[in-house]
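> I'd like to go over a predicted model; first the sequence, then the structure.
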Amino acid sequence: LTSVTSLVAENRFDHVLVESSGISEPLPVAETFTFRDEASGVSLGDVASLHNLITVVDAASVFDQLGAVDSLIDRGWQAGAGDVRSVANLMVDQLEFADVLVVNKTDLVNGAQLSAVERLLHKINPTADVMLSVYGEVDPSLLLKTGRFSLRKAEQHPAWLVEAREKEHTPETLEYGISSFIYRARRPFHPKRLHDAFCSAGALAQLLRVKGIGWLATQHSQQAHVALAGTRFTVEPGPPWWAAVERSQWPRGLEENIKVVWIEEHGDRRTELVCIGRELNHAAAKAALDGCLLSEGDMACGQQSWATLSDP
């Protein structure tokens, strides 16, 4: 804030290009524009506007990095002692929140490889502008004269949820090996089956990115945030299902809006996952996910029995 305020006061500069650390994530960088100085009450957004968040992608190694099992600590890249992020997770975060993706080192790949990289980036971040470069050379006017950043969009991060709630589309061409599908289910996952499926060399091994909401049998009242970035698979607790909340506490209009996903027996409990992969067999991957669900026999045992299931 101090440095940018000083530059603004000089009244000599139209733009400032800030290079973040290679292990920084775009969204927290954007959020710093809203933080107010305790002494002056001034925020960075009061003296400057954020135009673009730009991520540079190495065309020659992007697939290798997404498939890496290394943590930042393994490579000595950690921000501090408590930084447990993986390389793949960090890369996905940097790709998803960017407004511009500069694909660099395009001279080191052939046309088919470059097309595969571009297809992957459009799947991970469909709204970002993708620019190609060699030795990082990009026309400055493409970056400085157009403001693409929207704080509202960054806060909401809608790309995955919007796609997951739209009518499922026919999968795009497999010409470059990058494809996606939306997995939906109205039975809960068996936690151990789900864990084992994502941690094995089976049909889900070709997935590069998964993100969405899941229904775990052991967490009947609470959504699960399911995510895969490269080889790192996580399931974290989310907000409660509306079916688990007293209707007297529902916000106005929710009952009408939720009808599209509501079924009488289980309410809004469901799984909706956007899955992106390379050389992905959609039928086999969907079948593998189906195999992680509770069976009809499991379902008949009821919620008390589900709560005792193995949950890694």
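Received, thanks. Residues are numbered from 1 along each chain as shown.
> thought Leu216 was touching Pro188?
Yes. Applying CB atoms under 8 Å as the test, Leu216 and Pro188 come out as touching, 6.0 Å apart. All C-beta spots, glycine's among them, are computed from the backbone N, C-alpha and C.
> neighbour count winner among the two?
Each of Leu216 and Pro188 has its neighbours counted (other CB atoms under 10 Å); Pro188 has more, 27 against 22.
> So that one sits against Trp215, correct?
Yes. With contact defined as CB under 8 Å, Pro188 counts as touching Trp215 (4.4 Å).
> who touches both of the two?
Arg269, Thr271 (CB atoms under 8 Å, 6 or more residues apart in numbering).
> confidence score at Glu172?
We have a pLDDT of 38 for Glu172.
> Kindly report the same for Gln206.
The model's pLDDT for Gln206 equals 88.
> what residues are up against it?
Taking CB under 8 Å, 6+ apart as the test, what Gln206 contacts is Gly277, Arg278, Glu279, Leu280, Asn281, Ala285.
> Just the ones in helices from the residues you listed, please.
Among the contacts of Gln206, the residues falling in helices (DSSP state H) are Ala285.
> pull the longest helix from the protein.
Counting by DSSP H, the longest helix found in the chain is helix 111-124.
> And for the following helix or strand past that helix, what's in contact with it?
Downstream of helix 111-124, the first helix or strand assigned by DSSP states H and E is strand 129-132. Counting by CB under 8 Å, 6+ apart, strand 129-132 makes contact with 99-103, 106, 114, 118, 121-122, 138, 142, 148, all of which sit outside it.
> Mind checking which of the residues you listed are buried?
Among the contacts of strand 129-132, the ones that count as buried by 16 or more other CB atoms under 10 Å are Asp99, Val100, Leu101, Val102, Val103, Thr106, Leu114, Glu118, Leu121, Val138, Arg148.
> for the residue lying closest to the first one once chain neighbours are set aside, what are its contacts?
I take that to be Asp99. Spatial nearest neighbour of Asp99, excluding adjacent residues (CB to CB, 6 or more residues apart in numbering): Arg148 at 3.9 Å. Counting by CB under 8 Å, 6+ apart, Arg148 touches His51, Asn52, Asp99, Val100, Asp129.
> How much space separates Arg148 from Val260?
Noted for Arg148: a distance of 32 Å to Val260, by CB to CB, to the nearest Å.
> just Arg85 next, same as before
36 Å.
> which one of those two has more residues nearby?
The neighbour comparison of Arg85 against Val260 (other CB under 10 Å) goes to Arg85, with 19 against 8.
> Please report how far the closest residue in space to that one that isn't next to it in sequence lies from Ala229.
Among residues not flanking Arg85 along the chain, Leu72 sits closest, at 5.2 Å (CB to CB, 6+ apart). Per CB to CB, Leu72 is found 13 Å from Ala229.
> Gly136 too?
Taking CB to CB, one finds Gly136 at 25 Å from Ala229.
> So which of these two has more stuff around it?
Using other CB under 10 Å as the criterion, Gly136 and Ala229 rank with Ala229 on top: 24 against 9.
> That one against Asn89, yeah?
Yes. At 4.3 Å, Ala229 counts as touching Asn89 under the criterion of CB under 8 Å.
> picking that back up, quick one, phi/psi of the residue nearest to Arg85?
Leu72 adopts backbone torsions of phi -60, psi -30, taken as degrees, to the nearest 10.
> got a list of what it touches?
Leu72 touches Ile23, Gln78, Ala79, Asp83, Val84, Arg85, Ser86, Val87, Leu90, counting by CB under 8 Å, 6+ apart.
> Can you give me the neighbour number for the second one?
So the one you mean is Gln78. Gln78 has 15 nearby residues by other CB under 10 Å.
> Cool, thanks, signing off.
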